[in-house]
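Q: got a sequence here, can you build the structure:
(3 chains, ligands or ions: 2)
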Amino acid sequence: MQRLNIEAVAAGGVAVEIDGVGKRYQGVEAVRAISLSIVPGEFVSLLGPSGCGKTTTLRMIAGLEVPDSGTIRIGGAVVNSTPPWSRGIGMVFQSYALFPHMTVFENIAFGLKMRGEPAQNIKTAVDEAMALVHLSELPDRLPSQLSGGQRQRVALARALVIKPRVLLLDEPLGALDRKLREQMQVELKLIQRQAGVTTVLVTHDQEEALTLSDRIVVMSSGEIVQIGSPSDIYNRPANQFVADFVGMSNLMRARTSSADGDRVSVSFPNGRSYVTKAEGNLAHPSDVDVFVRPESVKLAPNAGSPSGKLSGTVEHIVYAGASTYAHVSVGLAKPVVASLSQKPQDSNAIRIGDELSLDWDETDALLMPALEAGARRTS
Amino acid sequence: MRSRARLRYLDAFVAAIVVFLLAPIVVVLPSAFSSDVALSFPPQGFSTRWFENLLSRGEFLSAARLSITVAFLATAISLIVGLFAAYALFRFDFWGRSALEALFMTPLVFPAIALALSLAMVMSTAGLLRDFWGLLIAHVLITMPYAIRTIGASLREISVAIEDAALTLGARPAQLFWYVMLPLLRPGIAAGAIFSFIISMDEFTVSLFLTGPGLTTLPIEIFNYAEFNSDPTIASISVILILISCIAVATIERLMGLRRVLS
Amino acid sequence: MRTVRSKLLIALLLAPAVLISMVMIAAIATTLGISFLRQFPGDLQVTLANYIAFLSQPFLLKAAYQTMALGLVVTAICVVLGYPVAWFLVKRDTRFRNAVFLIVLAPLLVSIVVRTVGWIIILGNEGLVNALLMSLGVIDSSLQLMRSFWTVVVGLVHVLLPFMILSIASVLSKIDDDVIEAAMLLGARPATAFLKITLPMSMQGVAAGSIIVFALTIGTYLTPIWLGRGNVNVLAVSIHEQALISVEWPAAATSAVLLTIMALVFMAIFLASIRRMTRR
Ligand SMILES: Nc1ncnc2c1ncn2[C@@H]1O[C@H](COP(=O)(O)OP(=O)(O)O)[C@@H](O)[C@H]1O
Ligand SMILES: [Mg+2]
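A: Ligands and ions are numbered 1, 2, ... in the order given. Below is the predicted model of the structure:
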């Protein structure tokens, strides 16, 4: 990989602290008193379904919206009443928002020009920023003459060249096709890491969040549902919503019996039951959802008497490129999905109609308190 | 499916309407060069004497001067006022927004004679009847809706994100306006300028009530002349006005498309 | 649309335009006020006498009747002529479409004075139509084509047709072709699809266009005066006479108020019937 001339954009990052910040639009509570601390240089993603308040949060950090409540600190100073033009923030918009009447060079130079930098400094800085995003050949193009990927790079260079203390990205890769998106993700991460700029990325794409972030903030209906590292979010989702939204998951309704020491028995409505480690914060008996990722479900031919935690019939097999999923009907509300990807011998062996037994390791499953009907929100 | 024959009827009908719309504008051209003393068709002979008559008459020239002055000032004021108003109307959501938009558009649909009389009455109570400033205010009122519309049409095509981007990049509101909004709005502003200028130049009914001896706009001068003369002079001046309109239409069409401005 | 709390900024931006509009509001209020005065300037006693006088003068009542008739006839003709043209502009895919659009719109930028001069050249005693008919031997002495109600109708339709076409076209262009195709797939014949779907949906445009055309027709002074030549006495002509020739301002104000009410009543009736139609 080529050495990036990161000096052009490196500024180091500052902390961003959001404390009880809320925002409502004509009766719609877009963001409900959220709190979040971002350390200098950290890459944080706001992840959640469309309409959950991610953009609003980002715009409040940028100063484009004024919070109704709470405080926002950037680098320790309260910025609630600081206008966007003096916050020293770089922002990339989903639509890129390039100035259509300015060339690539002029677009990137805009922020420095507004700061009254001398022309010579601007030229040097813009040239370096263009090199950083591989646009050195196109300084005189207008945005209308660029491809989607090139526009995205201009938008990024424009935001970085002012050496922002905080970089805000609102679904910056959403409009690109998959291949280009993955390539840009790598570059973005590289530039961000080296520049050391504190970065907040808004996305509804869980893969993107998992790939890029130091920490992920999962949001739903204007609230923060979980904050954690990508592996936390993936392996230990805080509740059914996160489990459902991030990756594929099995959530099976069951009932616990009273705990015996740190062991508890879990019974499915189909009559099967097993004993597992009791989760600390659950009362017993109670209704729970058993959470297991498809890749944690182990399949074995059902030899005579049922073994494993559940057993059932393969209903259908879904090929999804790298992975293959078997949907096994086990006599519960929904079939259990099991991933066959790491087990090529299995994926060939398993056919629709096969009788299988299903098992998983104690450490791969979570017991989540069941939500009352209707309380389970997905958006 | 639709029969071809039926479409042919439609095309023929539209062609007839096109002829109807163009006819009175086109027939003026040859009549202006007639050597006949009466407005007639087909014109008899060829002469430019009516153009000469036009230029030799001081009243037409001074009326033209007044019309151009009023149109120029009304356009300038309408554009500035309209730019502000369009920005508020099409960039913000606030209580009473659509009511205000309707208010600003009212001069377009208010019966002209009633508006003319009303303006004459209020100007007379303010001592501005048959006064340059009274006339100018009325023309601003009449041209403002066009300025708001054209600038609004331009504004709606500039994404709010572009403004947000400029602000986060460090542009103060004045810089945002000067370096981003003004260049992007230029076609809309230019189209609005041409529209306002032409509408003001052509304005008839309101001017009829607000002008008087010593303060006459071109359309009123033509009207007065035609009251007592029926020679082709009015055709020759019409030719000049048509020419100006053609240039205006072509310019607006090139700038932003007449269709977009009007719908 | 953004919702920043800076009400002050919005107020400042709107202030100049509102100020100018206030002139219009003041003007309309003044007219309304003067229509109730015995004399202006001078005797400021409030009275209904002007309205009673209006209703008791057959000449003015006839003018009101003619104004209304003119408005209705011109509006109806504009709908009938304008609808197919609007349909052509929106739905017919030919290379002439843009040219037709320009020709339809351009007259809006040509002075009403010029356009009315054109009709004098066409319809005058020595005009195009008479010359044509005579050379074809259809007639041997000039027909009196000017000075009639219908001449004025022709002139006004010419001036106002573009407004109607624009209104209808802007609504037609919002009707999705998919809806019509869906209807046809469900078995509607083209004529049925048009009557049941396109026409009702486009009534909004017809209504908006009719309201504008009616209001502009009854407010026009030049066309009735030049093409009617004293034979078509509409309220616009009366108002001009009352205000500028006999200088009876309260009487002129009264006529103007009644004219405006006529436009408003037409608008109300039209909006109400459209609302009932679209609800069904
Ligand atoms: N300017 C606005 N006016 C009114 N409602 C808004 C505005 N911006 C956002 N909202 C509402 O606030 C909620 C959150 O929006 P947003 O922050 O854009 O969500 P996300 O970026 O997660 O998709 C949504 O319900 C949206 O409709
Ligand atoms: Mg968003």
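Q: angles on the backbone of the closest residue to B:Thr48 other than its chain neighbours, please.
A: Nearest residue to B:Thr48, sequence neighbours excluded (CB to CB, 6 or more residues apart in numbering or on different chains): B:Phe33, at 6.6 Å. From N, CA and C alone the C-beta is placed, and that goes for glycine too. Dihedral angles of B:Phe33 (phi, psi; degrees, to the nearest 10) stand at phi -100, psi 10.
Q: swap in the one 4 residues further on?
A: Here is the backbone geometry of B:Val37 (degrees, to the nearest 10): phi -90, psi -10.
Q: what residues does the stretch 1-150 of chain A have near ligand 1?
A: A:25, A:28, A:30, A:48, A:50-56 (CB under 6 Å from any ligand atom).
Q: tell me the two of these that are most distant?
A: Maximum pairwise distance among those (CB to CB): 17.2 Å, between A:Tyr25 and A:Gly48.
Q: looking at those two, which is more packed in?
A: Set A:Tyr25 next to A:Gly48 and count neighbours by other CB atoms under 10 Å in any protein chain shown: A:Gly48 wins out with 29 against 13.
Q: A:Glu223 is in contact with that one, correct?
A: No. Taking contacts as CB atoms under 8 Å, A:Gly48 lies outside contact range of A:Glu223: 9.4 Å.
Q: OK, contacts around residue 83?
A: No chain was given, so I picked chain A. Listed by CB atoms under 8 Å, 6 or more residues apart in numbering or on different chains, the contact partners of A:Pro83 are A:63, B:167.
Q: sorry, should have said chain C
A: Counting by CB under 8 Å, 6+ apart, C:Tyr83 has contacts C:168, C:202, C:206.
Q: between those residues, which is nearest chain B?
A: Minimum distance to chain B across the contacts of C:Tyr83 is 10.9 Å, recorded for C:Ile168 (CB to the nearest CB).
Q: that closest one: neighbour count?
A: For C:Ile168, using other CB under 10 Å, the count is 29.
Q: my guess is B:Tyr230 is in a strand, correct?
A: For residue B:230 the amino acid is Ser, not Tyr. No. B:Ser230 is assigned coil when assessed by DSSP: H, G, I helix; E, B strand; the rest coil, not a strand.
Q: and for it, the neighbour number?
A: B:Ser230, neighbours per other CB under 10 Å, totals 16.
Q: I'd assumed B:Leu39 was in contact with it.
A: Yes. Applying CB under 8 Å, one finds B:Ser230 in contact with B:Leu39, separated by 5.7 Å.
Q: intersection of neighbour lists for these two?
A: Joint contacts of B:Ser230 and B:Leu39 (CB under 8 Å, 6+ apart) do not exist.
Q: contacting residues around B:Ile198?
A: Per CB under 8 Å, 6+ apart, neighbours of B:Ile198: B:71, B:244-245, B:248, C:109.
Q: now these: which count as buried?
A: Buried members of these, counted by 16 or more other CB atoms under 10 Å in any protein chain shown: B:71, B:244-245, B:248, C:109.
Q: hey, where'd the helices end up in the stretch 201-350 of chain A?
A: A:206-212, A:230-235, A:240-245, A:344-349 (DSSP state H, counting those that start in this stretch).
Q: can you classify the residue of the stretch 51-200 of chain C found nearest ligand 1 as helix, strand or coil?
A: When distances are taken as CB to the nearest ligand atom, the stretch 51-200 of chain C reaches nearest to ligand 1 at C:Lys174, 23.7 Å away. Classification of C:Lys174 using three-state DSSP returns coil.
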